[in-house]
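# with the input below, show me the fold.
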Amino acid sequence: MNQIHEHIVRSIDEEQRRLVGELLRMGEMAAAQLEAALDVVERRDDKAAERIVGNDEAIDALEHETSHDVMRLALRGPMARDLRELLAALRIASDIERIGDYAANVAKRSMTLNLAPPLPQVRGLVALGAVAGRQLQDVLIAYRDNDADAAERIRARDAELDMQYTSLFRELLTYMMEDARSITACTHLLFMAKNIERIGDHVTNIAENVWFRARGDEALPRRERRDGTAQAS
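Purely as a prediction, here's the structure:
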């Protein structure tokens with residue numbers, strides 16, 4: 001009987017390791033999507049932007065596959081620790097899928113932006129995206145290592161992204177007031193910036209689920225928010 005129990009436990013452990021691998025692969029795909037989207041914004045490359053939008057389906061498919069794997073594992077009667085693992089995986093998969101969506105949105109809107117003359121604020125958008133990209137890579141490492149302390153630090157860093165987003169938001173508003181001809185292009189940039197800010201929010205969600213996976217219901221420290229541009233959502 002003990003051998004049967006050990007086999008079941010070993011099998012569940014293997015399935016959970018595979019689940020972690022799936023989520024990391026999905027996260028890397030979303031990170032690559034974001035990096036590629038920022039690149040096409042800078043290069044004004046419509047063809048590459050179309051490819052990025054099409055690639056979003058692969059992330060969606062992985063999210064469905066992960067959800068299926070979680071449900072299959074849940075039906076095998078895991079213990080409380082395993083249930084935390086599965087619940088965190090479901091939530092993280094959903095957040096990664098949304099990150100992929102937002103990256104695709106940036107690429108899609110870049111094609112419309114390319115119809116207007118280049119704007120200097122594109123550099124600020126790319127810099128904002130680079131911050132979000134670094135945070136996404138870091139939170140994937142925290143998830144891989146089950147590192148709650150790293151997750152808490154990443155969560156706290158969202159304030160940095162909020163501040164940078166607010167600065168770009170105000171710069172774009174000022175530019176629109178000074179030159180009415182830039183309003184349409186700047187509006188597209190505003191929505192693209194908001195997409196990137198939302199990516200940061202989903203990274204924060206992932207960090208909170210890494211903490212939950214490792215520490216359960218232990219309360220996280222209070223987090224500062226510095227985004228004062230709710231009207232842009």
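# so who does the residue nearest the centre of the chain touch?
A centroid search over the chain (CA atoms, centre = their mean) returns Ile99, at 3.7 Å, as the residue closest to the centre. Ile99 sits next to 30, 33-34, 136, 199, 202-203 when contact means CB atoms under 8 Å, 6 or more residues apart in numbering. All C-beta spots, glycine's among them, are computed from the backbone N, C-alpha and C.
# backbone phi and psi for Ala151, please?
phi -60, psi -40 (degrees, to the nearest 10).
# so the residue nearest to the centre of the chain, which of the three states?
Recorded secondary structure, Ile99: helix (DSSP: H, G, I helix; E, B strand; the rest coil).
# mind checking pLDDT for it?
Ile99 is assigned 97 on the pLDDT scale.
# which strands and helices sit next to the helix ranked longest in the chain?
Counting residues, the longest helix found in the chain (DSSP state H) is helix 2-43. If you count contacts as 3 or more CB pairs under 8 Å, 6 or more residues apart in numbering; DSSP states H and E, helix 2-43 packs onto helix 46-74, helix 80-113, helix 122-145, helix 183-215.
# columns distance to Thr166 on top of the ones you listed, output as a markdown table?
Formatted as a markdown table, the helices and strands packed on helix 2-43 follow (distance: least, CB to CB, whole Å):
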| stretch | distance to Thr166 |
| --- | --- |
| helix 46-74 | 26 |
| helix 80-113 | 18 |
| helix 122-145 | 10 |
| helix 183-215 | 9 |
